[in-house]
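K.L.:
Test case, fold it:
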Amino acid sequence: MEEGTNHVHRAVNELLSFVQHRRYEPGEKLPSERELTERFSVGRGVIREALALLEATRYIERRRNSGIYLSRDSDTVSLESLVLNEAIGIPQDQDVLLQSVEVRRILEVQAIALACARRTVEDLRVLEGALERSRASIDQSQSIAVQDYEFHMAIFRSTHNAVLVRMVTPFYLMSRGRRETFFSDLRNGVESHRQHVALVEAIRERDAERASQLMENHIGRVEKHFLNQLDKNENA
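P.N.:
Numbers count the residues shown, from 1 in each chain. Just a heads-up that it's a prediction; the model follows:
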C-alpha cells in the first residue's frame, strides 16, 4: 500500500512539474490519461489516482467527453493543494509562502481574542498540558516542533469555532517543515515556550487586548525569522 501511495505522489509531483514547465494557462486542456500514462511510464491506475487527488484540490477539472483541464480560476484552488505540495516535496511559490504567513498571523490574533472570551476550565487544562510537554522536551534538549503545533491548535479549539479550526489546519500542515527547521535551534524553543506561558496567562485572565498583542509579537518573531531565511535562500 505504501509503495502504491509513493507511486501516486511521484506521479502528482511529475504532473505538477510538467504543468509548470510547459507553462499551461488556466483553463487550458492537458494531455489525456493515456498520454500522461505513456509520458510518465506508470500504470493507468496510478495516473487516475494522481488526477483524482488534483481534482479533489481543484487544481484540475475533468469534463465529461472533453478531457482534463487546468483550473480556470486560481482562486478556486483549495488550501489542500498547498498542503499536498508540501507533503510530496514540491517547493512553494515565495509569494504564496509570504501570504500564508500573513493569513496565519491574522487568524492567530483573532483566535486568541475569541479564546479569551470563550475558554473553559478544560481548555486551560489542555493548554497547560501542552506547556508541560514543551517544558519536558526543552529539559531534554529536544525540539518542541510537535508541542508548538499542539499548543497553537489548542488555542484555536478554545474558540469553540470548528470552522475556524478547519480553516487554520492547512496552514499548520504546510508549514511543518519550516517549524521543524525553526525549532532545531533549541534557543527558539526556549523563547517560544516563555511566550506561550504568557499567552496562557492572558487567556486565563480573559485579557483579550493583552493576549492579542502578545500573539502579534509572538507570530511576528517567527515571521521575521522566516523572512530572513527567504532572503538568505534568494541570495544563495
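K.L.:
Using neighbour counts, pick out the buried residues of the strand or helix carrying E201.
P.N.:
Per DSSP states H and E, E201 falls inside helix 186-204. Buried residues in helix 186-204, counted by 16 or more other Cβ atoms under 10 Å: 188-189, 192-193, 195-196, 199-200, 202-204. C-beta coordinates here come from the backbone N, C-alpha and C atoms, glycine included.
K.L.:
Which one of the residues you listed is nearest to L227?
P.N.:
Comparing these against L227 with Cβ to Cβ places N188 closest, at 15.0 Å.
K.L.:
from what I can see that closest one touches R179, true?
P.N.:
No: counting by Cβ atoms under 8 Å, N188 does not reach R179; the two are 9.8 Å apart.
K.L.:
what residues are shared contacts of those two?
P.N.:
Counting by Cβ atoms under 8 Å, 6 or more residues apart in numbering, no residue touches both N188 and R179.
K.L.:
Local confidence estimate at the closest residue in space to E150 that isn't next to it in sequence?
P.N.:
Once flanking residues are discounted, E150 sits nearest to A130: 4.8 Å by Cβ to Cβ, 6 or more residues apart in numbering. What the model reports as pLDDT for A130 is 97.
K.L.:
my guess is A130 contacts F151, does it?
P.N.:
Yes: applying Cβ under 8 Å, one finds A130 in contact with F151, separated by 4.1 Å.
K.L.:
Mind listing the shared neighbours of the two?
P.N.:
Common contacts of A130 and F151 (Cβ under 8 Å, 6+ apart): H196.
K.L.:
so what secondary structure elements neighbour the helix or strand hosting A11?
P.N.:
Using DSSP H and E, A11 maps to helix 2-22. Judged by 3 or more Cβ pairs under 8 Å, 6 or more residues apart in numbering; DSSP states H and E, helix 2-22 is in contact with helix 33-40, helix 44-56, helix 79-87.
K.L.:
Relative to V121, how far out is the most far-flung residue of the chain relative to its centre?
P.N.:
Of all residues in the chain, N65 has its C-alpha farthest from the mean position, at 35.4 Å, by Cα atoms, centre = their mean. Remark: distance between N65 and V121 (Cβ to Cβ, to the nearest Å) = 59 Å.
K.L.:
next one: stretch 161-179 to chain centre, how far?
P.N.:
5 Å (Cα atoms, centre = their mean, to the nearest Å).
K.L.:
Buried residues in that stretch, which are they?
P.N.:
Buried residues in stretch 161-179, counted by 16+ other Cβ under 10 Å: 161, 164-165, 168-175, 178-179.
K.L.:
send the alpha carbons of it over as PDB?
P.N.:
This file holds the C-alpha atoms of stretch 161-179, laid out as PDB (Å, rounded to 0.1, in the frame of the first residue of the first chain):
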ATOM      1  CA  ASN A 161     -15.400  27.500  16.400                       C
ATOM      2  CA  ALA A 162     -15.000  24.300  14.400                       C
ATOM      3  CA  VAL A 163     -14.900  26.100  11.100                       C
ATOM      4  CA  LEU A 164     -12.000  28.300  12.300                       C
ATOM      5  CA  VAL A 165     -10.100  25.200  13.400                       C
ATOM      6  CA  ARG A 166     -10.600  23.600  10.000                       C
ATOM      7  CA  MET A 167      -9.600  26.800   8.300                       C
ATOM      8  CA  VAL A 168      -6.200  27.100  10.000                       C
ATOM      9  CA  THR A 169      -5.200  23.500   9.900                       C
ATOM     10  CA  PRO A 170      -3.900  23.500   6.400                       C
ATOM     11  CA  PHE A 171      -1.600  26.500   7.200                       C
ATOM     12  CA  TYR A 172       0.000  24.400  10.000                       C
ATOM     13  CA  LEU A 173       0.300  21.300   7.800                       C
ATOM     14  CA  MET A 174       2.000  23.200   5.000                       C
ATOM     15  CA  SER A 175       4.500  24.900   7.500                       C
ATOM     16  CA  ARG A 176       5.500  21.700   9.300                       C
ATOM     17  CA  GLY A 177       8.900  21.600   7.600                       C
ATOM     18  CA  ARG A 178       9.600  25.200   8.500                       C
ATOM     19  CA  ARG A 179       8.600  24.600  12.100                       C
END
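K.L.:
Good, wrapping up.
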